[in-house]
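Engineer: generate coordinates for the sequence data below:
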Amino acid sequence: MIEASLLVVIIVALLVGGLTGIVLGTTISGIAVALAAGFLGVIAATIARNVLVRRAMRVGPDDSGLPVVVIVFSVVASIAGSLAAAEITETIPISTGMLGALSGLLSGMLMAMLMITYHMNPDKRQNLIKN
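Structural biologist: The predicted model follows:
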């Protein structure tokens with residue numbers, strides 16, 4: 001189940017990041033494209049994962065009621081992935097679509113690692129929420 005969830009997150013984040021880079025590449029460039037692509041990629045990947053994996057397949061944890069800390073960490077993951085992609089492609093002449101795709105991919109991977117870590121030990125998570 002984790003593998004299907006990871007594939008959904010990574011593929012959707014990559015595609016949405018690339019499309020965002022292509023669309024916004026005509027008006028803005030560089031770090032701004034990377035940040036927008038990473039953020040939109042993470043948001044779309046989270047929605048797609050929740051809709052496709054949880055509701056369609058009826059398996060996996062329900063993430064519809066995530067705590068604020070996970071949302072904050074997902075924003076940090078999208079910023080970190082986007083800035084990493086911008087730094088990687090700084091010296092390489094690359095299209096804004098490819099920059100967006102790389103931003104979405106790195107941000108999606110960081111978000112997937114966050115979700116795996118969040119779901120690893122549900123007993124401790126319930127204790128933290130109760131206290």
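
Engineer: can you list the weak-confidence ranges in the protein?
Structural biologist: Applying pLDDT under 70 to the chain flags residues 1-2, 53-67, 69, 119, 121-131.

Engineer: which helix is the longest one in it?
Structural biologist: Longest helix of the chain, by residue count under DSSP state H: helix 96-120.

Engineer: for it, which helices and strands make contact with it?
Structural biologist: When contacts are defined as 3 or more Cβ pairs under 8 Å, 6 or more residues apart in numbering; DSSP states H and E, helix 96-120 sits against helix 2-24, helix 31-48, helix 68-88. Where you see a C-beta, it was placed from the backbone N, CA and C, and this is true even at glycine.

Engineer: contacts for the first one?
Structural biologist: Contact with helix 2-24 is made by 32-33, 36-38, 40-42, 44-46, 48-49, 52-53, 57, 60, 95-105, 107-109, 111-112, 115-116, as judged by Cβ atoms under 8 Å, 6 or more residues apart in numbering.

Engineer: tell me the angle of it relative to helix 31-48?
Structural biologist: Helix 2-24 runs at 140 degrees relative to helix 31-48, counting by axes from the mean of the first three to the mean of the last three Cα atoms, to 10 degrees.

Engineer: could you export helix 2-24 as CSV, CA atoms only?
Structural biologist: Only the C-alpha atoms of helix 2-24 are listed here, as CSV (Å, rounded to 0.1, in the frame of the first residue of the first chain):
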residue,chain,number,x,y,z
ILE,A,2,2.8,2.4,0.8
GLU,A,3,4.3,1.8,-2.7
ALA,A,4,1.1,2.8,-4.4
SER,A,5,0.8,5.9,-2.3
LEU,A,6,4.4,6.9,-3.0
LEU,A,7,3.9,6.4,-6.8
VAL,A,8,0.8,8.5,-6.8
VAL,A,9,2.6,11.3,-4.8
ILE,A,10,5.7,11.3,-6.9
ILE,A,11,4.1,11.1,-10.3
VAL,A,12,1.4,13.7,-9.6
ALA,A,13,4.0,16.1,-8.1
LEU,A,14,6.3,15.6,-11.1
LEU,A,15,3.5,16.3,-13.6
VAL,A,16,1.9,19.2,-11.8
GLY,A,17,5.3,20.8,-11.2
GLY,A,18,6.3,20.4,-14.8
LEU,A,19,3.0,21.9,-16.0
THR,A,20,3.3,24.8,-13.6
GLY,A,21,6.8,25.5,-14.8
ILE,A,22,5.6,25.5,-18.4
VAL,A,23,2.6,27.8,-17.7
LEU,A,24,4.4,30.2,-15.4
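
Engineer: since that was my last question, I'll sign off now.
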